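> after the sequence you'll find the predicted model.
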Amino acid sequence: MAYKLIWSPPARDDLHDIIVFIARDNPNRAMSFGYELISQIDRLQDFPDIGRVVPEYQNNNLREIPFRPYRVVYRVNHKRKLCEIARVWHSARGIPDL
């Protein structure tokens, strides 16, 4: 049974801001980047533990998928079969603000 994906409001804002930023220079690339990122995240429905544990937090339920210069940080709840996308964080910004 597939896990349900939920985007937190900050994660949705992060994705929006990233796409708007890229679109300033290349609107077509912004759209394709957004679709690629979402496609990677959608894999969590079938493989919720595909990401690594976020090193700064050392919590097995808090994981991340690196995607280009970004870190997609998510929480896993195996009992509820749920993955919550917490943030889409640029790696140059340091530790993800959760």
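Yes, it's here. Predicted model only: the values in this text are computed from it and were never measured.
> ok, residue 77 - how many residues close by?
14 (other Cβ atoms under 10 Å). In this view, the C-beta of every residue, glycine as well, is placed from N, C-alpha and C.
> now the one 10 residues further on
Summarising burial for residue 87: neighbours were counted as other Cβ under 10 Å, giving 21.
> residue 11 versus that one, what's the distance?
Taking Cβ to Cβ, to the nearest Å as the measure, residue 87 falls 5 Å from residue 11.
> strands of this structure, start to end?
Counting by DSSP state E, the chain has strands at residues 4-7, 52-53, 62-67, 70-77, 82-90.
> okay, and the common contacts of residue 87 and residue 11?
Counting by Cβ atoms under 8 Å, 6 or more residues apart in numbering, residue 87 and residue 11 have no common neighbour.
> so residue 31 sits against residue 19, correct?
Yes: between residue 31 and residue 19 there is a contact at 7.5 Å, judged by Cβ atoms under 8 Å.
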